[in-house]
Every structure is written in structure tokens, then in C-alpha cells.
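A.B. asks: structure, please.
(one chain, ligands or ions: 3)
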Amino acid sequence: MNIILLGPPGAGKGTQARILMETRGMTQLSTGDMLRDARTSGTEMGKKVAAVMDAGKLVTDEIVIGLIEEKLGAGGAPGYIFDGFPRTLAQADALGALLEKLGLPLDAVIEMQVDDEALIQRITARSTCGSCGEVYNDITKPIPADGICPNCGGTEFKRRADDNEDSLKTRLLAYYKQTSPLIGYYYAKGKLSAVDGLQDMHAVAVAIEKVLDA
Ligand code: ADP
Ligand code: ADP
Ligand code: ZN
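C.D. replies: Ligands and ions are numbered 1, 2, ... in the order given. Here you go, the predicted structure:
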């Protein structure tokens, strides 16, 4: 089973992808994580995209399609979770072609609906564990008082350079202009299911399970 988690920045895509990795053993493919890894390791591509990412704009289709193409194989059993990809119609077409070439189905596209006000609150309170990538939130999922990640024992936590209100405005605009047309695109293909992303994260996980088991 291969699925896309579609939603604006802060909708909870990464959080739900990590839950699905635990519960179903699926493989998360996050282009955001891949791009941040490229920056940390200082590759030419990483250097090229840094300013674009910090400003909250989308990097080119060519780059992200290339990243997905590198990772996507016939395996990934029991399936892939596309998190933050595709984000443009060109990316959606490219993903369709790649899956077809590999003989893999696209089973569901889950649109996570969260209003802008909640997104701003979530993004400005977000941090992640530097070792395992577990996603935290100052309000809804605080780092334990002892400063130790319960998931891996790590003690270093990171905030993203683009998780500020200015960059978020650009990211939201990019979402509405370039990514939200994918909602109609996948609806027309009969793949779309909407989930109320404003519920607490466990309730969202249950709603996603319902879609996948339908
Ligand atoms: P968020 O958590 O806000 O949804 P991501 O971690 O998915 O963000 O992405 C962070 C940044 O990386 C984006 O603002 C964009 O600059 C770049 N990026 C990630 N995925 C894509 C993509 N599929 N197409 C273009 N740019 C992307
Ligand atoms: P995305 O990958 O879509 O950008 P994240 O999964 O990183 O979103 O979540 C953004 C922030 O909101 C994180 O701080 C996360 O802990 C928090 N969060 C995720 N899901 C929920 C939820 N259902 N309710 C409240 N906060 C949430
Ligand atoms: Zn950790």
C-alpha cells in the first residue's frame, strides 16, 4: 500500500508518517527531510537549495523528483508514505509515471485539513529530536522535563530555520498556489480522502487507519 499525506506546513504529515512507520512498518519518504540532510552534509545541491528553503519557497521540481527517483524502488514493503511530496502538478505527474514504471499502486491520498491559525501555532512551537527525528511541540507534545528523548535517549533538539512566522507566510502561499490544486487532481482520480487534522494526533491516526482499512 502506497499513500500520500497531503497538507499545508504544520498539518501533521511528519507526525502521522512516523506513527504509520511504527504501526504498519511502512517507509516514509519525506522530501523535506532529504533536502535538510543534503544541507547538513554540505552537498552542492544542499548549498543550492538552502536560501530557497529558508525563505519558504519551493525548490525546483527537477531536484525533488530526482530525490524521490533515487529512493523509490520496487520494494519499500509494505509500502511508501509520501510526506511533503508531490507539491506541484508536475511532481504529481512524475510520481504517477514512476509508480507505473515500477508496477506500484497509489492507494490513497489523505488530505489533512488544518486551518491557518492552528498551523501558525503548531509551526512556531515545533522542535525535533536531533538523533531520531521525533517531532515535538512546546504545547501539544513537549520534550520531557529531563530533556531526554523517550524515543531514543537523545538530548539534542532542533528548531528549523524556516519555522518562523515570516517564512511560514510564504510557505502557506506556496501551498495554496502550487500544492492545493493537487486536491482536485487526486479527487478526479478517485484517490482523495479528507481527514480532520485539528483533532489530537491520536484521533487523527485513528481517522487515517479508517481510510486505509476501508
Ligand atoms: P513542512 O513541514 O512545512 O510541510 P517540509 O519539511 O516538507 O515542510 O519542507 C521544507 C521545505 O523543503 C519546503 O518549504 C520547501 O522549500 C522544500 N521542499 C520539501 N519538499 C518539497 C517538494 N516536494 N517540492 C519543492 N520543495 C520542497
Ligand atoms: P508537517 O510534517 O505537516 O509539517 P508535523 O508533523 O511536523 O507537521 O507537525 C507540526 C507540529 O504540530 C509539530 O510540533 C507537532 O508536534 C504538532 N502536531 C502534529 N499533529 C498534531 C495534532 N494533531 N494536534 C496538535 N499538534 C500536532
Ligand atoms: Zn530521539
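A.B. asks: quick one: residue 57 from residue 87, how far?
C.D. replies: Noted for residue 57: a distance of 11 Å to residue 87, by Cβ to Cβ, to the nearest Å. Heads up, the C-betas are built off the backbone N, CA and C, glycines and all.
A.B. asks: what's the overlap in contacts for those two?
C.D. replies: By Cβ atoms under 8 Å, 6 or more residues apart in numbering, residue 57 and residue 87 have these common neighbours: residue 174.
A.B. asks: where does pLDDT dip in this protein?
C.D. replies: Where the chain drops to pLDDT under 70, the residues are 74-75.
A.B. asks: residue numbers of it in contact with ligand 2?
C.D. replies: Within the chain, the residues that sit near ligand 2 (Cβ under 6 Å from any ligand atom) are 7, 9-15, 122, 125-126, 135-137, 140-141, 200-201, 204.
A.B. asks: which among these count as buried?
C.D. replies: Neighbour-count burial (16 or more other Cβ atoms under 10 Å) is assigned, among the residues of the chain next to ligand 2, to 7, 9-15, 122, 125-126, 135-137, 201, 204.
A.B. asks: farthest-separated two in these?
C.D. replies: Within those, 7 and 136 form the most distant pair, 18.8 Å apart (Cβ to Cβ).
A.B. asks: up against ligand 1, what does this protein have?
C.D. replies: Counting by Cβ under 6 Å from any ligand atom, the residues of the chain lying close to ligand 1 are 9, 31-32, 35, 52-53, 56-59, 64, 84-85, 87, 91, 162, 171.
A.B. asks: taking these one by one, which sit in helices?
C.D. replies: If you go by DSSP state H, the residues of the chain next to ligand 1 have 31, 32, 35, 52, 53, 64, 91, 171 in helices.
A.B. asks: which residue sits farthest out from the middle of this structure?
C.D. replies: For the chain, the C-alpha lying farthest from the average C-alpha position belongs to residue 146; by Cα atoms, centre = their mean, that distance is 28.4 Å.
A.B. asks: surely residue 53 and residue 34 touch.
C.D. replies: No - between residue 53 and residue 34 there is no contact under Cβ atoms under 8 Å: 11.6 Å.
A.B. asks: anything in contact with each of these two?
C.D. replies: When contacts are counted by Cβ under 8 Å, 6+ apart, residue 53 and residue 34 have no shared neighbour.
A.B. asks: for residue 153, see how far away the residue farthest from the centre of the chain is.
C.D. replies: Distance, residue 146 to residue 153, by Cβ to Cβ: 11 Å.
A.B. asks: with residue 91 instead?
C.D. replies: 36 Å.
A.B. asks: so for these two, which residue has more residues nearby?
C.D. replies: Set residue 91 next to residue 153 and count neighbours by other Cβ atoms under 10 Å: residue 91 wins out with 22 against 10.
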